[in-house]
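A.B. asks: sequence? don't have it. structure:
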């Protein structure tokens, strides 16, 4: 299965990028290219995005990326459809910055009685 | 009343990447890889388990639980329970022998909570890993990571706890060991047992059906739980909470996530339950202490991060 997970992140030169929230005065945080945007935020001591499983499974850290380049690993289709993913709606725990990013948190609502499995 | 359901026998978990998952379940948790099949599923178990496997990993594009299986005493029990499940109103699918390697036929049904469960009576027994059944030593050498001893239970989030309790108690013979009640008497958590353990399966009331909270694995001592916490830090593994103690069941515990976001628990200790015991009740306004006995407050992630 091609899920992007075997790409060797380690072999790339580590770069550092600025992640900012759209339409806010907040400072944002810096993210190295070899840690996920979510973990970079946690390491910066910030709480801009809700933190869940950190593994692409629970959907808590869903964001829109409005600007900037990133690399992404596989994330659960329970929360992100292929169309959403290609339009920049992603889980922050599965993306790695490749440039400065402008993001907007979009935590999913609870979906009563929906059967997505 | 017991109906011949013995114990949690297996859980099939969906993972986003098999190689990453095996680092978690084998290298870190310490399960033993027992087999693989032509669908690419990997079969694992804890070293004290006599049956060949208890955890099946399947690579998929969503995390979560495919199903949890309970082992029954014998094939006659399966036939009886098949009728009883149908009479209860469950649709029962018979999964043929061999669909899981070295496992007999399985009866699959969906509980009112929205989760798929299975009953089976036959699975190849390979014995405890690394030990003889005759004059056995205390433990085998060569175990990895947390050295998890066995798959113990699952905690699931879903709908219709009352009807789910009816199914597990009246049809499958489980007892209600512990519960959480709101001031107006609504049961929002139920811990059920088919044995003397405080829980073999637990449910929390939640508006989305069929959600997976965690699969749990047993360790012998508090020192082992602390050592598990050390390993979680050493490997930079995503942690949820712990080490701590639960009020519910009083188990000593730590929670962390597999690389696909499925929650894993390792724990030790915990209360016991006999069929003549009244259920232990926690009041919902003490829920913080019921869940985390020391912090006495809830952690948002523990309640809402589900796969």
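C.D. replies: Nice, I can see it. On a predicted model such as this, the values are computed, not experimentally measured, just so you know.
A.B. asks: which residue is the nearest non-sequential neighbour of residue B:2?
C.D. replies: Once flanking residues are discounted, residue B:2 sits nearest to residue B:173: 4.7 Å by CB to CB, 6 or more residues apart in numbering or on different chains. Where you see a C-beta, it was placed from the backbone N, CA and C, and this is true even at glycine.
A.B. asks: confidence score at residue 80?
C.D. replies: Using chain A here. Note for residue A:80: predicted pLDDT of 96.
A.B. asks: oops, wrong one, chain B.
C.D. replies: Reported pLDDT for residue B:80: 97.
A.B. asks: let's verify it: helix, strand, or coil?
C.D. replies: Following DSSP: H, G, I helix; E, B strand; the rest coil, residue B:80 is assigned to helix.
A.B. asks: equivalent analysis for the one 10 residues further on, please.
C.D. replies: Using three-state DSSP, the structure places residue B:90 in coil.
A.B. asks: hmm, residue B:52 and residue B:9 touching each other?
C.D. replies: No - under the criterion of CB atoms under 8 Å, residue B:9 is not in contact with residue B:52, lying 10.6 Å apart.
A.B. asks: so which of the two has more stuff around it?
C.D. replies: Between residue B:9 and residue B:52, counting by other CB atoms under 10 Å in any protein chain shown, residue B:9 is the more crowded of the two (23 against 19).
A.B. asks: let me see the contact set for that one.
C.D. replies: Residue B:9 makes contact with B:51, B:54, B:69, B:70, B:71, B:120, B:123, according to CB atoms under 8 Å, 6 or more residues apart in numbering or on different chains.
A.B. asks: which one of those residues sits closest to residue B:271?
C.D. replies: residue B:70 (20.8 Å; CB to CB).
A.B. asks: mind checking the end-to-end distance for stretch A:31-45?
C.D. replies: 12 Å (CA to CA, to the nearest Å).
A.B. asks: how about the residues of chain B near chain A?
C.D. replies: Proximity of chain B to chain A is confined to B:16-17, B:19-20, B:59, B:61-64, B:114, B:159, B:206-210, B:238, B:240, B:257-263, B:300-301, B:304-307 under the rule CB under 8 Å from any CB of the partner chain.
A.B. asks: buried sites along the helix or strand containing residue A:102?
C.D. replies: Assigned by DSSP states H and E, residue A:102 belongs to strand A:101-105. Applying a neighbour-count criterion of 16 or more other CB atoms under 10 Å in any protein chain shown, one finds A:101, A:102, A:103, A:104 buried in strand A:101-105.
A.B. asks: where's the second one relative to chain B, distance?
C.D. replies: This means residue A:102. Separation of residue A:102 from chain B (CB to the nearest CB, to the nearest Å) stands at 25 Å.
A.B. asks: tell me the contacts of that residue?
C.D. replies: Residue A:102 touches A:20, A:21, A:22, A:65, A:66, A:67, A:68, counting by CB under 8 Å, 6+ apart.
A.B. asks: if we can go back for a sec, give me the sheet partners of the strand holding residue A:102 and which way each runs.
C.D. replies: strand A:16-21 (parallel), strand A:62-67 (antiparallel) (DSSP bridges).
A.B. asks: now the first one: how far from the chain's centre is it?
C.D. replies: Strand A:16-21 has its C-alpha centroid displaced from the chain centroid by 12 Å (CA atoms, centre = their mean, to the nearest Å).
A.B. asks: now that strand: buried residues?
C.D. replies: For strand A:16-21, burial by neighbour count (16+ other CB under 10 Å) applies to A:17, A:19, A:20, A:21.
A.B. asks: go on, stretch B:260-271?
C.D. replies: Result for stretch B:260-271 [16+ other CB under 10 Å]: buried residues B:260, B:261, B:262, B:263, B:264, B:265, B:266, B:267, B:268, B:269, B:270, B:271.
A.B. asks: for chain A, which helix is longest?
C.D. replies: For chain A, the helix with the greatest residue count under DSSP state H is helix A:37-43.
A.B. asks: is chain B within reach of it?
C.D. replies: No - judged by CB under 8 Å from any CB, helix A:37-43 stays clear of chain B, getting no closer than 8.6 Å.
A.B. asks: understood, closing this out.
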